[in-house]
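Undergrad: Structural data only, the sequence is not supplied:
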Ligand SMILES: [Zn+2]
């Protein structure tokens, strides 16, 4: 598939050494990228039209003000900010927005947004779980504004994307499919929260590749074939890996490869564009290997 990567060093400036969500994560994830000759495009800042469709103006202003006047600090016990955080977050969301625009203009078939800070926990009015702005939700809103009527978001991060689910909970144009460790942080993502376009698949700790093969080989494929989306957006959280310090799902390199293959093949079979945006993943060496697996598959499928 014709693929582009969106990346900029601005994503390294939001940083707190020794915090699990630090800039080295992204460096390790991208370590193998030079072996592949993908075009690497620069992001743009997010448009206020898309940003304000997902987050309240008060919240956006408070993030900007905190970073400018009161940094460094914490928005919640997990989520730090420094003087660059607002800018990094604006470009992370803007990367996903630009990726969606490129795909819908048929410039590429696949885009991978290698961004920080991650996004899927960010709520309308607050930062949460290392996330400032909800990058994938902002990308989906951009697609809706450009006239797309059916969007499929698949989120394989070890944690439930509470912010993404809440953004689209009553919008049947967006299907949200999430696999995540449960019960676990952030507490949401039970089957009871499912509706006709929200499909949470809670996964017990220790489940490993077998469970993920069943879910992505069967349930995921059926859901996407039934919904018939025009675009797929992926919250790519590699913290489901067995070496990750923040989860206990026991998924191996092979399991990660299987999940990515199923997702890429589903886009290929439906002949629709697909965008990935980086969410979690906190073991450097697992991230490096998962990055390489991802880029190999983007080359070969
Ligand atoms: Zn996570």
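TA: Yep, it's here. Every value quoted in this text rests on a predicted model; they were computed, and no experiment measured them. Residues are numbered from 1 along each chain as shown.
Undergrad: all contacts plus neighbour counts: C-alpha atoms, from now on.
TA: Will do.
Undergrad: ok, the closest residue to the ion within the stretch 51-200 of the chain - how many residues close by?
TA: Residue nearest to the ion within the stretch 51-200 of the chain: residue 159 (4.3 Å; C-alpha to the ion). Per other C-alpha atoms under 10 Å, the neighbour tally for residue 159 reads 30.
Undergrad: Could you number the chain from 40 rather than 1 from now on?
TA: That works, and once the first residue is 40, the last one we named lands at residue 198.
Undergrad: any idea how far the longest strand along the chain is from the chain center?
TA: Of all the segments of type strand in the chain, defined by DSSP state E, the longest one is strand 213-220. A distance of 11 Å separates the centroid of the chain from that of strand 213-220, by C-alpha atoms, centre = their mean, to the nearest Å.
Undergrad: which residues touch the helix or strand that it is followed by?
TA: Per DSSP states H and E, the first helix or strand lying C-terminal to strand 213-220 is strand 237-242. Outside strand 237-242, the residues that touch it by C-alpha atoms under 8 Å, 6 or more residues apart in numbering are 204, 208, 214-222, 228-230, 232-233, 288.
Undergrad: What subset of those is buried?
TA: 204, 208, 214-222, 228-229, 233, 288 (16 or more other C-alpha atoms under 10 Å).
Undergrad: ok, these vs residue 332, which is closest?
TA: residue 288 (18.6 Å; C-alpha to C-alpha).
Undergrad: The closest one: what's it in contact with?
TA: Residues counted as contacts of residue 288 (C-alpha under 8 Å, 6+ apart) are 197, 220, 242, 243, 244, 245, 246, 247, 279, 280, 281.
Undergrad: do the same with residue 153
TA: Counting by C-alpha under 8 Å, 6+ apart, residue 153 touches 44, 45, 46, 65, 69, 316, 317.
Undergrad: So the first one: helix, strand or coil?
TA: Local secondary structure at residue 44 is given as strand here, using DSSP: H, G, I helix; E, B strand; the rest coil.
Undergrad: What is the burial count for it?
TA: So residue 44, with other C-alpha under 10 Å, has 22 neighbours.
Undergrad: looking at the sheet around it, what are its partners?
TA: Beta bridges link residue 44 to residue 79, residue 151, judged by DSSP bridges.
Undergrad: Let me know whether it touches residue 77 as I believe.
TA: Yes - counting by C-alpha atoms under 8 Å, residue 44 touches residue 77, with 6.6 Å between them.
Undergrad: For the protein, what lies in contact range of the ion?
TA: By C-alpha under 5 Å from the ion, the residues of the chain that approach the ion are 196, 197, 198, 319.
Undergrad: pLDDT value on the last one, please?
TA: This means residue 319. Residue 319 carries a pLDDT value of 98.
Undergrad: how close does the closest residue in space to it that isn't next to it in sequence sit to residue 317?
TA: Spatial nearest neighbour of residue 319, chain neighbours left out: residue 276 (4.3 Å); criterion: C-alpha to C-alpha, 6 or more residues apart in numbering. Applying C-alpha to C-alpha, to the nearest Å, the value for residue 276 to residue 317 is 6 Å.
Undergrad: If you count contacts, what does the top helix by length along the chain end up packed against?
TA: The helix spanning the most residues in the chain, taking DSSP state H as the definition, is helix 124-143. Judged by 3 or more C-alpha pairs under 8 Å, 6 or more residues apart in numbering; DSSP states H and E, helix 124-143 is in contact with helix 96-108, strand 149-152, helix 174-184, strand 313-317.
Undergrad: Let's have the ones you listed in TSV, adding mean neighbour count.
TA: Below are those laid out as TSV (neighbours: other C-alpha atoms under 10 Å):
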stretch	mean neighbour count
helix 96-108	16
strand 149-152	27
helix 174-184	25
strand 313-317	27
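Undergrad: could you dump these to JSON lines with distance to residue 54?
TA: Output for those, formatted as JSON lines (distance: least, C-alpha to C-alpha, whole Å):
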{"stretch": "helix 96-108", "distance to residue 54": "12"}
{"stretch": "strand 149-152", "distance to residue 54": "18"}
{"stretch": "helix 174-184", "distance to residue 54": "18"}
{"stretch": "strand 313-317", "distance to residue 54": "16"}
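Undergrad: On the pLDDT front, check the residue sitting furthest away from the middle of the chain for me.
TA: The centre of the chain is farthest from one residue, residue 108, which by C-alpha atoms, centre = their mean lies 28.9 Å away. Note on residue 108: pLDDT of 97.
Undergrad: list the contacts for it?
TA: By C-alpha under 8 Å, 6+ apart, residue 108 has no neighbours at all.
Undergrad: next one: the one 4 residues further on
TA: For residue 112, the contact set (C-alpha under 8 Å, 6+ apart) comprises 119, 120, 121.
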